[in-house]
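Undergrad: Here is my input; please provide its structure:
(one chain, ligands or ions: 4)
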Amino acid sequence: MVPPAKKFINNPNDVVTEFIEGLVETYPGLHYLDGLPEIKVVLQADVSASNYDKVAVISGGGSGHEPAQAGYVGEGMLTAAICGDVFASPPVDSILAGIRAVTGPKGCLLVVTNYTGDRLNFGLAAEQAKIEGFEIETVIVGDDCALPPPLGIAGRRGLAGTILVHKIAGAAAAAGLSLAEVAAEAKHASEMVGTMGVALSVCALPGQVTSDRLGPEKMELGLGVHGEPGAAVVDIQPVEVVVSHVLQQILSPETNYVPITRGSSVVLMVNGLGGTPLMELMIAAGKAVPKLQLEYGLAVDRVYTGSFMTSLDMAGFSISIMKADQSILERLDAPTKAPSWPVGTDGSRPPAKIPVPLPFRSTKNEEFLCRPQELSHQGKILEAAIEAAATVVINLKDSLNEWDGKVGDGDCGSTMCRGATAILEDMKKYYPLNDAAETVNEIGSSIRRVMGGTSGIIYNLLCKAAYAELKANSQSETTPKHWSEALKSSISAVSKYGGATSGYRTMLDALIPASKVLEEKLSAGEDPIAAFVLSAEAATAGAESTIHMKAQAGRSSYVSAEILASIPDPGAMAVAAWYSAAARAVKEQSQGF
Ligand SMILES: Nc1ncnc2c1ncn2[C@@H]1O[C@H](COP(=O)(O)OP(=O)(O)O)[C@@H](O)[C@H]1O
Ligand SMILES: O=C[C@H](O)COP(=O)(O)O
Ligand SMILES: [Mg+2]
Ligand SMILES: [Mn+2]
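TA: Ligands and ions are numbered 1, 2, ... in the order given. Predicted structure coming up:
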């Protein structure tokens, strides 16, 4: 057994919480929303929703990119940062807690990196916040220039250019502008910046074994900040050659990702990915500036070199180039107290914890929900199915992480395991198991509480749609036909929001065949349990068939076909596992009667 990567950590599950604890001790101008362990929000110490007379600027995303995003919280930059687990976007409830904590009457701008998980979790949180009466605008940043168009529905990744967007939005908000004006400046900035990354090594996730995909002689060009494979693997070159290649890729007139032409003014950011010494970053910056000036005819007005948005301990860097005008330069130069923006900062002691503004489980749920004293026949079957499904997901954690490490960012198993563990705990406490619809709703709220990432929000959507369908149609008893309809409507919801369908190499490639077989067999009058078991076989076959699919959604869409060709989609394999375990459990449980 290869041991996990060596790290200065305690429990790998606690790294984000313990990072924030250290951060707020270090920078007294920052506070940590206290009270609920799942909610990891860092905010400006002196801001509360009731007294805030500026537009709040909120960002966030998966952790592992420190100092992004929490290190950019401070007057003149972000008002709050929502921290997800490592490489997994934060769940909806955390984002909502952050919005509620800092948003005043002028509203809130969400600056979101373009990842499926972030887009959907922040998107749903924005919808909910609007219902609660908040003014919300969202700007999505996708500055990656590594891959040429056409890109799948995942689009361009949000990379270090996002930090420049934060600064511009934060300065515009500090200047007293309205929400529409701040959003317009942020959107404009996001359209002016392009980024590309390179790396010598792959990052090591806390508690996981490090992959040695590159070996001693190779480097990767065009990668993101999550360790997923880059666009190309090449022999190591001198940094000067690497810099030339990166500049050419960003400024390519073919992709035309940024409207920079001879004579333009630009801002340069050379960003370390966590494991690159400042010496090497400065060498890269020193080569990039004269190339931009002499070879591309650009005026380089500002240079920022340092580690601004990392990928844990990855040895690598990215270069971002933003087309600058007077207004952008003024925003970048405006003062800020954000500790990780490269200027001085101050703050008032002592650091304190302040409570999360609103409980995320409504009091209605807390008062009225409890596990029934006596389970009905259906309740027992449901309990056995949930228990089996959750247990198998927990047991599959390492395999899912390993697959996701090859075709994604290595967190799928950890995210799924977190959800499954919460489901088992909450089920014992308060799932109303005799009511199938309400139980599905509660599974959704367990997921919403602890599970971020793409899989978190997708399962959240699945549960919401299934609940609505079951609630509308299964008044007294939930029949197999109701379940089949609920599955169909959850799949439609996931397709609607996530944009993927059959053949895109996602969990839908397990869910859709399962749903079809279930519906067909039930309509043909097949015994419902046999139909469930047959549909589980279809889920498994569907999941395995993803090995041969090109990825058109999610993070795998950045990964080359050769790498994908030997690995199944982790999300689909997870579905096959829990769905099959549930079918087996239902069969066994029913035979017991
Ligand atoms: N648009 C989408 N619709 C449905 N499922 C998706 C979509 N994008 C990705 N997925 C699923 O999510 C899984 C990855 O989950 P996870 O690792 O939690 O998220 P992330 O890739 O954001 O880190 C993939 O294996 C795939 O099955
Ligand atoms: O750190 C990663 C991103 O912010 C989260 O994206 P994801 O949830 O889609 O993996
Ligand atoms: Mg992730
Ligand atoms: Mn992942």
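Undergrad: Make sure I have this right: Gly194 is in a helix.
TA: No. Counting by DSSP: H, G, I helix; E, B strand; the rest coil, Gly194 is not found in a helix; it is strand.
Undergrad: neighbours of it, just the number please.
TA: Using other CB atoms under 10 Å, Gly194 has 27 neighbouring residues. All C-beta atoms are positioned from the backbone trio N, CA, C, and that covers glycine.
Undergrad: ok, now how distant is it from Ile9?
TA: Between Gly194 and Ile9 the computed distance is 34 Å (CB to CB, to the nearest Å).
Undergrad: Spatially central, which residue of this protein would that be?
TA: Computing the C-alpha centroid of the chain and ranking residues by CA atoms, centre = their mean puts Ser89 first, at 2.6 Å.
Undergrad: State the helix or strand in which that one lies.
TA: Assigned by DSSP states H and E, Ser89 belongs to no helix or strand.
Undergrad: and if you look at Val267?
TA: strand 265-272.
Undergrad: Which elements pack onto that strand?
TA: The contact analysis (3 or more CB pairs under 8 Å, 6 or more residues apart in numbering; DSSP states H and E) places strand 265-272 against helix 161-174, helix 278-290, strand 299-306, strand 316-324, helix 326-333.
Undergrad: Out of those, flag the one nearest ligand 3.
TA: Checking those against ligand 3 by CB to the ion gives helix 161-174 as the closest, at 15.8 Å.
Undergrad: Just the C-alpha atoms of the next helix or strand after that closest one, please, in PDB.
TA: Once helix 161-174 ends, the next helix or strand along the chain (criterion: DSSP H and E) is helix 179-191. Only the C-alpha atoms of helix 179-191 are listed here, as PDB (Å, rounded to 0.1, in the frame of the first residue of the first chain):
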ATOM      1  CA  LEU A 179     -24.900  46.800  -8.000                       C
ATOM      2  CA  ALA A 180     -25.500  47.100 -11.800                       C
ATOM      3  CA  GLU A 181     -22.400  49.300 -12.100                       C
ATOM      4  CA  VAL A 182     -20.200  47.000 -10.000                       C
ATOM      5  CA  ALA A 183     -21.400  43.900 -12.000                       C
ATOM      6  CA  ALA A 184     -20.800  45.700 -15.300                       C
ATOM      7  CA  GLU A 185     -17.200  46.500 -14.300                       C
ATOM      8  CA  ALA A 186     -16.600  42.900 -13.100                       C
ATOM      9  CA  LYS A 187     -18.100  41.500 -16.300                       C
ATOM     10  CA  HIS A 188     -16.000  43.800 -18.500                       C
ATOM     11  CA  ALA A 189     -12.800  42.800 -16.500                       C
ATOM     12  CA  SER A 190     -13.600  39.100 -16.900                       C
ATOM     13  CA  GLU A 191     -13.800  39.500 -20.700                       C
END
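Undergrad: report the angle between the axes of helix 179-191 and helix 161-174?
TA: Angle of helix 179-191 versus helix 161-174, following axes from the mean of the first three to the mean of the last three CA atoms, to 10 degrees, is 160 degrees.
Undergrad: tell me the angle of helix 179-191 relative to helix 326-333?
TA: 90 degrees.
Undergrad: List the contacts of helix 179-191.
TA: 55, 57, 106-109, 111, 135, 137-143, 161-162, 164-165, 168-169, 172-173, 177, 259, 322, 327-328, 331 (CB atoms under 8 Å, 6 or more residues apart in numbering).
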